[in-house]
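Engineer: with the sequence up front, the predicted model follows.
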Amino acid sequence: MKGKIDLEKFLQSRKEVLATWPTGAEVSLEDGINYHKALPPEKNFAVKLKKVKEEGITAIQPRAGVALLNEHIALLKYLEKEGEADFLPTTIDSYTRQNRYQEAQRGIEESLAEGRSMLNGFPAVNYGVYPCRKIIEEVNVPVQVRHGTPDARLLAEITLAGGFSSFEGGGITYNIPYAKEVPLRKSIEDWQYVDRLIGYYAEHGVLINRESFGPLTGTLVPPSVTIAINILELLLAVEQGVKSFTLGLGQCGNLNQDVAALHGMVELAEEYLKRFGFQDVDLTTVFHQWMGGFPQDEARAFAVIAWGAVAAALAKANKVIVKTPHEALGVPTKEANAQGLKTTRQIVNMLKDQRFMVNEEYLLEKEMVKKEARAIVERTLELGEGDLVAGIERAFAAGVIDVPFAPSRFNLGKILPARDDTGAVRILEFGNLPFDSEIREFHRERLKRRGEKEGREPSFQMVIDDIYAIGKGMLVGKPR
Ligand SMILES: CC[C@H]1O[C@@H](n2cnc3c(N)ncnc32)[C@H](O)[C@@H]1O
């Protein structure tokens, strides 16, 4: 690995980034660091995550973001008070995610004119440092920036100086599922800037948490692909001095597989941190409640939310990202958002003293998912010949890393997932994943078993049926 970006080079490159929108001129590293140091520790995301992990609890966090500052603050206060959120988000709008601040500005004006949010998130860059600080001052729990931005350099500069103490995303996970034309080297280097900035805060005594966007496309992503990508983003981040990192996993729906994947991800990540000599990193996990299609019916939606809460609680995930009964409709009302949190809170509280029953299937799932993820990471490292960025670029070009249903033209898209008869996500088409015959047989055998039960050959039709299954009230897609 090539190590931290040179400090002088990094500081020099900030000038160009801060000039890309007028609010960039408000950012000063010294002022941002002093602002964080003046905040009470219970408002720091990394500090609270460490405490949550030590206490062995599963913290709950929603997604939330609206166009206007006062409404956004009111929304967050409501989710904290009514929803009992342990952590709060600020979900950023889609224009800002594409650096289209002019259109975000128009969205603010339209929202003022219409008296309702005309953006699907909070346009933090247009508001700038001081309104961000108002958000932090008006709530009592730590706040995280959640978005989907391939080039998040200015967003990070403003929100971190604005007192946010966690930043979601990465050069892979906020490119491949979110963009069509952004080269991986560009997004990874832009995210190395973000991680270097967070490394700078850490060097000056301010811990900022980083979280990978585990769910990726949120549609039947094989857990081993998620785990491999998480580990690569972890290595890229700690290389730049990040000290607090949350590994993310999207729920698949089969309990054994989900719990095994979360545990396997931590074990493998710790192995790689040790191997590359990064011992002083606080590692935590986040489990995302089902990220695929949701039922429109709210009672059914609550069942899906509850099932995600059960898996997170039994896996002892440090944090669970909560869905809402409006998932199938769009941006939720604050009441619906709080309902998702209350459903999750009830489950997490009821399960906090129960433990997942370790069983043979779980142990096999964990062994196999680690074997698969390790094969992907190892081939990526080999391809890089010491240069992690080159390795990742080459791995995607070769299909060694391949995310199903990703829009990016830099993703090969040759793999096909499908559920087996127990609802576990398996791989129907391996593409160029570097998996040996033992792994391939493990998947093939289970898909064959489903085919026999359904009286049909494992096929693309199964994939289609699975994509609509949960929205239609099932887990495994049934032939029409
Ligand atoms: C990662 C995608 C998910 O984020 C959620 N989301 C996106 N924007 C918002 C938003 N503005 N408020 C609440 N939830 C949101 C929604 O569940 C969506 O499926």
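Structural biologist: Nice, I can see it. Residues are numbered from 1 along each chain as shown.

Engineer: after the lengthiest helix in the chain, heading C-terminal, what element do we hit next?
Structural biologist: Assignment by DSSP state H gives helix 360-384 as the longest helix of the chain. Counting by DSSP states H and E, the next helix or strand C-terminal to helix 360-384 is helix 388-398.

Engineer: contacting residues around that following helix?
Structural biologist: 1-2, 172, 176, 184-185, 188-189, 192, 232, 235-236, 239, 376, 379-385, 400-402, 410-412, 432 (Cβ atoms under 8 Å, 6 or more residues apart in numbering). For glycine as for every other residue, the C-beta is placed from the backbone atoms N, C-alpha and C.

Engineer: quick one on the thing from earlier: could I get the average pLDDT for the longest helix of the chain?
Structural biologist: For helix 360-384, mean pLDDT is 98.

Engineer: go through that helix and flag the buried ones.
Structural biologist: 362, 365-366, 368-377, 379-381, 383-384 (16 or more other Cβ atoms under 10 Å).

Engineer: from the stretch 201-350 of the chain, which residue is nearest to the ligand?
Structural biologist: Residue of the stretch 201-350 of the chain nearest the ligand, by Cβ to the nearest ligand atom: Val331 (4.6 Å).

Engineer: that residue contacts Ser117, doesn't it?
Structural biologist: Yes: contact between Val331 and Ser117 holds when scored by Cβ atoms under 8 Å: they sit 7.4 Å apart.

Engineer: in terms of neighbours, single out the busier of those two.
Structural biologist: Ser117 (21 against 17; other Cβ atoms under 10 Å).

Engineer: how about the residues of this protein by the ligand?
Structural biologist: Residues of the chain found near the ligand (Cβ under 6 Å from any ligand atom) are Arg63, Ala64, Gly65, Thr91, Asn120, Gly121, Lys323, Glu327, Val331, Pro332.

Engineer: among the residues you listed, pick out the one closest to Ala25, please.
Structural biologist: Set against Ala25, the nearest of the residues of the chain next to the ligand by Cβ to Cβ is Gly121 (23.2 Å).

Engineer: share the number of residues neighbouring Val125, please.
Structural biologist: 27.

Engineer: and it, what element?
Structural biologist: helix 124-127.

Engineer: circling back: out of the residues of the chain next to the ligand, which one sits closest to Val358?
Structural biologist: Closest to Val358, out of all of the residues of the chain next to the ligand and judged by Cβ to Cβ, is Lys323, at 27.6 Å.

Engineer: who's in contact with the closest one?
Structural biologist: Counted by Cβ under 8 Å, 6+ apart, Lys323 has contacts Gln289, Trp290, Phe294, Ala301, Val304, Ile305, Gly308, Gly340.

Engineer: what are the phi and psi values for the spatially closest residue to the third one that is not a sequence neighbour?
Structural biologist: When you say that, I think you mean Phe294. Spatial nearest neighbour of Phe294, excluding adjacent residues (Cβ to Cβ, 6 or more residues apart in numbering): Glu327 at 3.8 Å. Note on Glu327: backbone dihedrals following degrees, to the nearest 10 are phi -50, psi -40.

Engineer: state the distance from Glu327 to Gly340.
Structural biologist: 8 Å (Cβ to Cβ, to the nearest Å).

Engineer: between the two, tell me which one has more neighbours.
Structural biologist: Gly340 (29 against 23).

Engineer: residue nearest the centroid of the chain?
Structural biologist: Phe213 (2.1 Å; Cα atoms, centre = their mean).

Engineer: before we move on, back to that, what's the longest helix of the chain packed up against?
Structural biologist: Helix 360-384 sits against helix 223-239, helix 255-275, helix 388-398, helix 437-454, with contacts defined as 3 or more Cβ pairs under 8 Å, 6 or more residues apart in numbering; DSSP states H and E.

Engineer: pipe those helices into a markdown table and attach mean pLDDT per row.
Structural biologist: Shown next, in a markdown table, are the helices and strands packed on helix 360-384 (pLDDT from 0 to 100):
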| stretch | mean pLDDT |
| --- | --- |
| helix 223-239 | 98 |
| helix 255-275 | 98 |
| helix 388-398 | 98 |
| helix 437-454 | 98 |
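
Engineer: would you list those helices in a markdown table and tack on distance to Glu55 and mean neighbour count?
Structural biologist: Below are the helices and strands packed on helix 360-384 laid out as a markdown table (distance: least, Cβ to Cβ, whole Å; neighbours: other Cβ atoms under 10 Å):
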| stretch | distance to Glu55 | mean neighbour count |
| --- | --- | --- |
| helix 223-239 | 23 | 26 |
| helix 255-275 | 17 | 21 |
| helix 388-398 | 34 | 20 |
| helix 437-454 | 36 | 15 |
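
Engineer: quick one: the strands in the chain?
Structural biologist: 59-61, 88-91, 143-146, 166-168, 209-211, 244-250, 282-288, 319-321, 416-419, 425-429 (DSSP state E).

Engineer: Ser117 is in contact with Asn70, isn't it?
Structural biologist: No: between Ser117 and Asn70 there is no contact, the gap being 11.4 Å when judged by Cβ under 8 Å.
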